[in-house]
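A.B. asks: I would like the atomic coordinates for the input below:
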Amino acid sequence: FFFCKKLQFTSFLQQIPHVSETNWEAIPSFRSPCNDDVLHRVAADYNATRAPSDRVKYLASTSSTTSALALVYLLLSNFRNPSSEGLKTSDFLKQIAFARYVSQPVGLRLRPRLGMLAIDVEKSALSADTVLMKLGHSMERMLTMEPNCFNARFRLPAAVVDGDAEEQSYNYSRVGDFFLRAQLDAMDRKTGKVFDLKTRAVAPIRWDVQNYENHVSYQITRLHGTMCSFEREFYDLIRTAFIKYAFQIRIGRMDGAFVAFHNTSEIFGFEYISIGEIDKYVFGSEWWGELAFERSMQLYNSVMDHALSLFPDRGPEDEIRIVICPLRVAQSLHFFVQRIVPGQTDTGSSEFLIEQLARLAPHFAPIRDRLTAEELDTILESIPRTADISMLGVDPASIRSFSVQSRSFINGKLAPGPFVLGRNDRYDAAFKIGSIPGAIPARVFVQVWAQMFDVAEMARKSSSSSSSSPA
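C.D. replies: Down below sits the predicted model:
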């Protein structure tokens, strides 16, 4: 680490415009893969040049891929924790594990587009753009534009939109049956290397983003220490963000990430983190990081194909929801696959879930904010253990499930636990897909869907009410 008390950047970059001072109309909204006509056209044009057996099936972006891919990697690595090697100067750094939401259930929505399936991440009816999401968009432009150009276009009250659409740059990559889109943020003109821009709020703001203005006085003032330190922020990056950075950077064929640390009002400093350094903390080595991405994509491709095979009679306009739930104790992933027929009630949507939660626990209604883990446990306790999803108004035939187990072999020997792979090691993996018979228990549906939609907090430890749940 290098810590300099004298700023090495201009005051323009130090002071962040308040959200009320930013012309948000000039910043184009994010286009998910399902709504990106350019992505659809580029992929269709690519397919037109390929034999029918060699065409891509799935359209996705980095944001709709990395959360699911992280769960697949956890399975392949025997749920290996990240490494804090090189950071063990403070007591709180001696043990490190991925944050709970890295292993949170992930929901995907697959929609037909030009003979392919576009994949979006499921969104909750309770979710809304936070100040950090908004600042991420405005600060990317602040960091890549000349001050006079940024102020003229984005800083109120003087900002004026000139009518020209803002150009976005993307890399498109094929990996197996996937056609992947990655937005490109910046490039070093001297080396030609492309890299990602990341804006990273300090810990108290990330922990309490709805009340972020109560924490704008928090500053990074030292190199080491439990709080107010660069060490604290880097430690949290390893636990929460590096696994997604590693996959995003590889999908975009980038060199690394340029991270800006801030408190929504002031930028404290920047750090460039190469993919090699990220790999060291997430995977243990760059060699294993590269191979882990390759093998994770291969397994992800296989399980997506299997999920679709469960509904061979689906209509051309039918959509598919896939929910991936990790089971650390069982060393497996559970997949729940739901067919969504146009014109029929979507009994797997967040709106439907919230209605059922309010029906099960009228004293919590109306549900406008996330439930606590304890409140979710109370609802789960009210559901008979023998009840299946039909008691919630969900047709058992509309959702099918299966489990995936993986075994890793290093130099021909079974790896019984988490491992680090060296460049001279030979890695092999075997996986097994097993069907889960019978209707899904109502408790499992409520708990997994509530965590997938972020309607309820994830419990810090298993409770008695969730003994039948895979979550």
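
A.B. asks: show me the contacts for the residue lying closest to Glu286 once chain neighbours are set aside.
C.D. replies: Leaving out its chain neighbours, the residue that sits closest to Glu286 by CB to CB, 6 or more residues apart in numbering is Asp279, at 4.2 Å. C-beta here means a position set from N, CA and C on the backbone, and glycine is covered the same way. Asp279 sits next to Ala246, Ser285, Glu286, Trp288, Gly289, Glu290 when contact means CB atoms under 8 Å, 6 or more residues apart in numbering.

A.B. asks: now, the residues you listed that are in helices?
C.D. replies: In helices, defined here by DSSP state H, the members of the contacts of Asp279 are Ala246, Glu286, Trp288, Gly289, Glu290.

A.B. asks: and the last one, how far is that from Arg250?
C.D. replies: Which is Glu290. Here the criterion is CB to CB, to the nearest Å. By it, Glu290 lies 8 Å from Arg250.

A.B. asks: neighbour count: the two, which is higher?
C.D. replies: Neighbour totals were compared for Glu290 and Arg250, and Arg250 leads with 25 against 16 (other CB atoms under 10 Å).

A.B. asks: just the element for the more buried one, please.
C.D. replies: helix 242-251 (DSSP states H and E).

A.B. asks: can you list contacts of the next helix or strand after that helix?
C.D. replies: Per DSSP H and E, the first helix or strand lying C-terminal to helix 242-251 is strand 256-262. Residues from elsewhere that reach strand 256-262, judged by CB under 8 Å, 6+ apart: 16, 135, 139, 143, 186, 193, 195-202, 220, 230, 233, 237, 245, 249, 267-275, 277-278.

A.B. asks: which among these end up buried?
C.D. replies: By neighbour count, with 16 or more other CB atoms under 10 Å, these hold 16, 135, 139, 143, 195-202, 220, 230, 233, 237, 245, 249, 267-271, 273-275, 277-278 as buried.

A.B. asks: coming back round to it: how much space between the residue nearest to Glu286 and Pro52?
C.D. replies: 37 Å.

A.B. asks: sorry, back to before: quick check: angle from the helix holding Arg250 to strand 256-262?
C.D. replies: 140 degrees (axes from the mean of the first three to the mean of the last three CA atoms, to 10 degrees).

A.B. asks: hmm, back to that, taking the contacts of Asp279 together, which two end up most distant?
C.D. replies: Ala246 and Ser285 (12.1 Å; CB to CB).

A.B. asks: and the helix or strand hosting Tyr46, what other elements does it pack with?
C.D. replies: Taking DSSP H and E as the criterion, Tyr46 maps to helix 37-48. Applying 3 or more CB pairs under 8 Å, 6 or more residues apart in numbering; DSSP states H and E, we find helix 37-48 packed against strand 58-61, strand 116-121, strand 170-175, strand 178-183.

A.B. asks: can I get these in TSV including mean neighbour count, mean pLDDT and distance to Asp45?
C.D. replies: Converted to TSV, those look like this (neighbours: other CB atoms under 10 Å; pLDDT from 0 to 100; distance: least, CB to CB, whole Å):
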stretch	mean neighbour count	mean pLDDT	distance to Asp45
strand 58-61	26	98	13
strand 116-121	22	98	12
strand 170-175	16	97	11
strand 178-183	23	98	11
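
A.B. asks: nearest to Val455, of those strands?
C.D. replies: Here strand 116-121 is closest among the helices and strands packed on helix 37-48 (CB to CB), at 15.0 Å.

A.B. asks: show me where pLDDT drops low in the chain?
C.D. replies: Counting by pLDDT under 70, the low-confidence segments of the chain come to 1-7, 88-89, 161-165, 458-471.

A.B. asks: can you give me the helices in it?
C.D. replies: Using DSSP H, helices in the chain cover 11-14, 37-48, 66-76, 131-144, 147-154, 203-207, 230-240, 242-251, 275-282, 286-309, 350-360, 373-381, 442-452.

A.B. asks: contacts for the shortest one?
C.D. replies: Read it as helix 11-14. Leu7, Met142, Leu143, Pro147, Glu266, Ile267.

A.B. asks: buried ones in it?
C.D. replies: For helix 11-14, by 16+ other CB under 10 Å, it's Leu13.

A.B. asks: gap between that helix and the chain center?
C.D. replies: 30 Å (CA atoms, centre = their mean, to the nearest Å).

A.B. asks: pull the number of nearby residues for Asp395.
C.D. replies: Here the number of neighbours of Asp395 (other CB under 10 Å) works out to 14.

A.B. asks: what do you get for Arg232?
C.D. replies: For Arg232, using other CB under 10 Å, the count is 20.

A.B. asks: so it touches Gly225, yeah?
C.D. replies: Yes: with contact defined as CB atoms under 8 Å, Arg232 reaches Gly225; the gap is 6.8 Å.

A.B. asks: just give the nearest non-adjacent residue to the most centrally placed residue in the chain, would you?
C.D. replies: By CA atoms, centre = their mean, the chain has its centre lying nearest to Ser67, at 3.5 Å. Nearest non-adjacent residue to Ser67, counting by CB to CB, 6+ apart: Val106, 4.6 Å away.

A.B. asks: now that neighbour: how far from Val72?
C.D. replies: Taking CB to CB, one finds Val106 at 10 Å from Val72.

A.B. asks: neighbour count winner among the two?
C.D. replies: Neighbours were counted for Val106 and for Val72 using other CB under 10 Å; Val72 has more, 26 against 23.

A.B. asks: list the buried residues of stretch 50-69.
C.D. replies: 55-69.

A.B. asks: please disregard the earlier target; I meant stretch 339-347.
C.D. replies: Arg339, Ile340, Asp346, Thr347.

A.B. asks: and the nearest residue to the third one once chain neighbours are set aside, how far from Glu355?
C.D. replies: With sequence-adjacent residues excluded and distances taken as CB to CB, 6+ apart, Asp346 is closest to Ile340, at 5.5 Å. Counting by CB to CB, the gap from Ile340 to Glu355 is 17 Å.

A.B. asks: ok, Asp454 next?
C.D. replies: Asp454 is 17 Å from Glu355, by CB to CB.

A.B. asks: okay, those two: which has more neighbours?
C.D. replies: Asp454 (19 against 16).

A.B. asks: ok, now which ones touch that one?
C.D. replies: Gln104, Ser124, Leu126, Ser127, Arg370.

A.B. asks: what about the fourth one, neighbour count?
C.D. replies: I take that to be Ser127. 14.

A.B. asks: ok, now the last one?
C.D. replies: Burial measure for Arg370: 17 neighbouring residues, criterion other CB under 10 Å.

A.B. asks: dump the helices and strands packed on helix 37-48 to a markdown table, plus distance to Asn47.
C.D. replies: Formatted as a markdown table, the helices and strands packed on helix 37-48 follow (distance: least, CB to CB, whole Å):
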| stretch | distance to Asn47 |
| --- | --- |
| strand 58-61 | 11 |
| strand 116-121 | 8 |
| strand 170-175 | 10 |
| strand 178-183 | 8 |
